[in-house]
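Undergrad: Below are the sequence and a predicted model; questions follow.
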Amino acid sequence: MRRIVIVGGGTAGWIVAGVLGSRFPRRGEQGVSITLIESRQQPPIGVGEGTWPTIRSTLKQIGVSETDLLRECDASFKQGSQFSRWVDGSDADLYWHPFTLPVSYIDRNVAPYWLEGPRRQSFATSVCFQPELCANGLAPKQITTPEYAGLANYAYHLDAGKFVPFLQKHCVEKLGIRHVYDEIARVESDEAGFISHLVTRSGNQLAGDLFVDCSGFTSLLIGRHFGVPFRACKDVLFVDKAWAVQVPYADEAAPIASATLSTAQSCGWVWDIGLSSRRGVGYVYSSSHVSDEKALDELRSYLSARGDRSAAAELSFRNIGINSGYRQEYWTRNCVAVGLSAGFLEPLEASAIVMIELSAKSIANLLPGSREVMHHAARIFNETFRYRWERIVDFLKLHYVLSRRTDSPFWVDNRRSESIPDSLRAGLEYWRSHSPWHDDFALREEVFSAASYQYVLYGMGFTPENANWLLSDTERNLALESMNETARQAKALVGVLPTNRDLLARVRRYGLQKI
Amino acid sequence: MVNVVTLDSQAHRDLRVSRHTSPHVAQVDAVSVVPREFQRLVAHYPIFFTKNVESGRFEPAVLLGFQKKENLFLVEGRWDVAYVPLQFQRQPFSLIPCPSGDQKTADIGIDLSSPQVQATDGERLFHDDGQPSRYLQSITSILSALVSGAGEGYAFTGRLAELNLLEPVKINIEFVDRSQASLEGLYWIAPAVLKALPATQLAELRDREFLEWMYFQMASMSHISGLVARKNSLLSGVTPSRRVDLEPG
């Protein structure tokens, strides 16, 4: 396994190149050769602008500086998501899904003791200081905090169009990744069905031991060449289209939200993402439930309600198709698919980039020494990632299932039992008398852990029958103390943290220190 | 309340200022310093690097105590060392940046609320003809040394950070009375990185005078034990004898 060929130069291709390139730094005769081939005719799609906190360790591992990322990709700090109007659609309907884990999360489950009452504050605010920071537009760190470290857990909102060239430059200049612009004319296989080499339009041959398919929706290798079937999820996740628009800030002092703002609409939801330079806003909707025109009207009224009235008329809106689903397998023979070629789900919880990171890391961890044992790595990878895609579908669907909105068939249909996966239904049954906890989930690295389930379930007002006989006075006292501690932490941090905009301006001017 | 006004040879012709820094401005546990005073600081103080809270950039500073507002070099309100950092020497004067932002033409400000400002005792600022006194001239040169020194300091620490020559250091101390102090937010020269530094970079540091400053910083670490001794003698009720430290050179 000395020659790795990555097909496609979008977010997936360059993250894989960066992770493998930094993990296996030896090149040429002594080490691994990594080639990334991309066609000039296929402009990268640039999936989502939201990331998960895993991105920090991924970028650190790749070796880029956080200061450069923030400056060159117009990135800003994201500390979680704010969900508005998801439960009953009223003005007061709002809850948080912060990135910082609930207080004492490693040691004890505080949730049952919050559920007991008196529930003076929302679940997220009771067990986590972060919603308070987000509500105040504060950054997760100070200018004196080193790169990639934080006082609160965070990820980024970033301009995907700038992120790709940013990674590319680092991968080529610092990690010695070979970069080829060419188109793939033919895929050649050996007698065992393994890809032996790619023949390019310009007549060159690109031989490799492992081929990573990052070709996007084209699915050049995993789809077109190997014909691995695609499993659509439209029966579970209804949204299949989006209107997207870039919105300028009203002025240079306008606050930059430090959370993704997700606001439910009649037939889907609006994302609102604050970069340092502009906002990215879009409405993902179900075309079976609402027309493109009406959806666009809804997005326009979302913008004008937020004071973007003057701008809303002249902005250019782009329509995007969303085909939610994933391949039946991702690693076949000596080809592994990462990114859109493997699957795509609606961007409700910004799972696209984190799946790329997890895939890249898994490939690096599983990379077999010889092709004879490759099927074993493939089996582990396929089982793990099928599980991950299914869990993401469950978790996204959870938001729709817990909604009590009745204002359109979209919301009502979303709660019909035939649209709910069995695994989610079983989970919901279980969590009726049991609070989600570590052992409920199988993997060491779950995309959405028990913490995420707690935030969404209790944020959306899911009321379990608390199994009081399982509670203990000792644990209760510790849990109450933990919740008091959360309030103290929130107060202390609100006092010392700068606003998101202020910190981003300072980073632009002075940079962050590495230590 | 601080009352800083622009110094004026007419209005302040007869004003007198005491050379003794008043304790209220000196009651701090650390103060930022500039590289060109390292040579004199190294005789008395531990020199570290700390982060500026506004910019996060590293700047050199000397440690004066182990808890907030503790300056162990002040004994009964007087400096117990032969060299006082420029940041204190400049008191109660400061530079008032001109609206244009051009620091070369900044005015000198004086804090009239400072106890150092007196009517009868102390140094005169102006001669009768309105010309600045030698004392005021020395203040002017201190203020300009602080301005140019800040620039030099950032160039110095910026290069050290780029070369990974700074590392965080945590100091835990137990005093005679068993009380403990833990110092954080301090950085020093990473000895291992310096040892392994390629010759070209070492030469660059030497040519820019940085290497000299680095050795002053490293040598100054011997004063941590001296600082602990000052604290211990305070805690055990022994008044330290007025020590006269010899100045280098």
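TA: Yep, it's here.

Undergrad: Report the buried residues of the longest helix along chain B.
TA: Secondary structure of chain B per DSSP state H: the longest helix is helix B:134-162. Residues of helix B:134-162 classed as buried by neighbour count (16 or more other C-beta atoms under 10 Å in any protein chain shown): B:135-136, B:139-140, B:142-143, B:145-147, B:149-150, B:152-154, B:156-157, B:160-161. C-betas here are computed from N, CA, C, even on glycine.

Undergrad: and the residue located most distally from the centre of chain B, what pLDDT?
TA: In terms of distance from the mean C-alpha position of chain B, residue B:129 ranks first, at 33.7 Å (C-alpha atoms, centre = their mean). Note on residue B:129: pLDDT of 91.

Undergrad: ok, it to residue B:174 distance?
TA: According to C-beta to C-beta, to the nearest Å, residue B:129 and residue B:174 sit 60 Å apart.

Undergrad: State the number of residues packed around the residue in the stretch 251-400 of chain A that chain B sits nearest to.
TA: Closest to chain B within the stretch 251-400 of chain A is residue A:276: 17.1 Å, counting by C-beta to the nearest C-beta. Counted with other C-beta atoms under 10 Å in any protein chain shown, residues neighbouring residue A:276 total 22.

Undergrad: Look at it and tell me its secondary structure.
TA: coil (DSSP: H, G, I helix; E, B strand; the rest coil).

Undergrad: pretty sure it contacts residue A:74?
TA: Yes - at 4.9 Å, residue A:276 and residue A:74 qualify as touching, with contact defined as C-beta atoms under 8 Å.

Undergrad: ok, so what distance separates residue B:23 from residue B:86?
TA: 18 Å.

Undergrad: Pick out whichever of these two has more residues nearby.
TA: A direct count of neighbours by other C-beta under 10 Å for residue B:23 and residue B:86 places residue B:86 higher, at 22 against 14.

Undergrad: Spit out the contact partners of the more buried one.
TA: B:33, B:34, B:37, B:142, B:145, B:146, B:149 (C-beta atoms under 8 Å, 6 or more residues apart in numbering or on different chains).

Undergrad: quick one, phi/psi of it?
TA: Main-chain dihedrals, residue B:86, degrees, to the nearest 10: phi -60, psi -40.

Undergrad: measure it to chain A for me?
TA: To chain A, residue B:86 is 24 Å away according to C-beta to the nearest C-beta, to the nearest Å.

Undergrad: how about the residues of chain B that lie near chain A?
TA: Chain B comes close to chain A at residues B:51-58, B:161, B:164, B:166-168, B:185, B:187, as judged by C-beta under 8 Å from any C-beta of the partner chain.

Undergrad: Keep only those of those residues that are in strands.
TA: With strands taken from DSSP state E, the overlap with the residues of chain B next to chain A comprises B:51, B:58, B:166, B:167, B:168, B:185, B:187.

Undergrad: Pick the one among those closest to chain A.
TA: Nearest member of these to chain A, counting by C-beta to the nearest C-beta, is residue B:51, at 4.3 Å.

Undergrad: Give me the pLDDT for that closest one.
TA: Taking residue B:51 on its own, its pLDDT is 97.

Undergrad: what does residue A:90 give?
TA: For residue A:90, the pLDDT comes out at 97.

Undergrad: And for residue B:8?
TA: Looking at residue B:8, its pLDDT reads 89.

Undergrad: Residue A:311 now?
TA: pLDDT recorded at residue A:311 is 60.

Undergrad: picking up where we left off before, going through the ones in strands among the residues of chain B next to chain A, which ones are buried?
TA: Applying 16+ other C-beta under 10 Å to these flags B:51, B:58, B:166, B:187 as buried.

Undergrad: The last one: what's it in contact with?
TA: Residues in contact with residue B:187 (C-beta under 8 Å, 6+ apart) are A:515, B:48, B:49, B:50, B:51, B:58, B:166, B:167, B:168, B:169.
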